[in-house]
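**Student:** 3D model of this:
(one chain, ligands or ions: 1)
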Amino acid sequence: MTAAYDVVQVASLGPQFDERLAASCRVLQAWREPRGLAAFSEELRGLRVAVTSVRHGFTRSMFDALPGLQAVCSWGVGHDTLDLRAAAARGIRVSVTPDVLDDCVADLAWALLLSAARRTAVGDRYVKTGQWRALGQFPVATRVSGKRLGVLGLGRIGEAIARRGAGFDMEVRYHNRSPRPQSPYGYEASLTDLAAWADFLVVACVGGAATRHLVDAQVIRALGPQGILVNIARGSVVDQAAALAALRSGELGGAGLDVLEQEPTDAAEFAELDQVSLMPHVGSATRETRAAMAELVYDNVTEFLRTGRLLTPVPDREMQA
Ligand SMILES: O=CC(=O)O
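**Tutor:** Okay, the predicted model is just below:
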């Protein structure tokens, strides 16, 4: 029996992507179907590929609804919302969109670092709300150039963040599960030691259970009253309650956070903290990078349908983790 569909798309990835994919293969656009996947059980029987995003994820029940599934192509570099164990158990391959977003995520890490240190977001409000004229000189902030940069997670994004440190004359060290022998940067075996050494600690590791609250009260205390914490990875990596308490008491100097434990949020608990710069989880959100990510999802789907191979599969060791 021939399948009615080749691909199920869980969520729209933008009209351009949706139309392009629908023009090249038989796609069930599941978000348009209020009846849910179960209503399509016959037509989905031979379906081989699912398209999703890190935001929409892919759960065990989605795998269960698709008995013929061979590959999941996800938009985004993270895979913490994709059930990799369920995929591995059935030999289903999973692709994400690495590499193409490294520069933009690294740029945003630096934007947040600079904003938290030099208070650019606060200064913007200061000028626009008339405080400059009313109150006079803006308070002095924290120097960035020549300082010490610690990177938690020296993967592709961590590397891009570290490279930018050279432009600010910074010494860079990092912490990973294991050292990277080819890396030009110093390795700290203990995250607490890295935080105690660093002026700025940037979190760039993967999310998920293995890294939950890796940045805990002890690491935050080690970073200290002059230290600034930047997180462009996942909110789950930082113990947010501990960070908030340390920011309020002055035990931590400042923070630049693109990700929080709950998303979306109005983050009322941060409202009074001028030493914190927030962004709404937009590390990769530039026109250019988002287009490149969509292109890579498309290329993975069409390559798999043609050859049975994915271009950017999640490595086997991470599928088993
Ligand atoms: O958070 C975004 C991503 O994983 O790409």
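**Student:** pLDDT value on residue 2, please?
**Tutor:** Among the per-residue scores, residue 2 holds a pLDDT of 50.
**Student:** and the closest residue to residue 173 other than its chain neighbours, how many neighbours does it have?
**Tutor:** If you skip the residues right next to it in sequence, residue 173 has residue 186 as its closest partner in space, 4.1 Å away by Cβ to Cβ, 6 or more residues apart in numbering. Glycine gets a C-beta too; all of them are placed from N, C-alpha and C. Here the count is done by other Cβ atoms under 10 Å, and residue 186 has 13 residues near it.
**Student:** who are the neighbours in contact with residue 186?
**Tutor:** Residue 186 makes contact with 171-174, according to Cβ atoms under 8 Å, 6 or more residues apart in numbering.
**Student:** could I get the phi/psi values of the closest residue to the ligand within the stretch 101-250 of the chain?
**Tutor:** Nearest residue of the stretch 101-250 of the chain to the ligand (Cβ to the nearest ligand atom) works out as residue 101 at 6.1 Å. The phi/psi pair for residue 101 (degrees, to the nearest 10) reads phi -110, psi 0.
**Student:** what about the nearest residue to it once chain neighbours are set aside, distance to residue 185?
**Tutor:** Closest residue to residue 101 apart from its sequence neighbours, by Cβ to Cβ, 6+ apart: residue 284 at 3.9 Å. According to Cβ to Cβ, to the nearest Å, residue 284 and residue 185 sit 24 Å apart.
**Student:** looking at these two, which is more packed in?
**Tutor:** residue 284 (23 against 20).
**Student:** make sure residue 115 is actually in contact with residue 254.
**Tutor:** No. With contact taken as Cβ atoms under 8 Å, residue 115 and residue 254 are classed as non-touching, separated by 9.2 Å.
**Student:** and for these two, which residues touch both?
**Tutor:** Taking Cβ under 8 Å, 6+ apart as the contact definition, residue 115 and residue 254 share the neighbouring residues residue 277.
**Student:** so between these two, which is more surrounded?
**Tutor:** Set side by side, residue 115 and residue 254 give different neighbour counts by other Cβ under 10 Å, the larger being at residue 254 (26 against 22).
**Student:** so what's the more buried one up against?
**Tutor:** Applying Cβ under 8 Å, 6+ apart, the residues near residue 254 are 116-117, 142, 227-229, 247, 275-277.
**Student:** run the last query once more with 10 Å
**Tutor:** With contacts taken as Cβ atoms under 10 Å, 6 or more residues apart in numbering, residue 254 has the following neighbours: 112-113, 115-117, 119, 141-142, 200, 223, 225-230, 247, 273-277.
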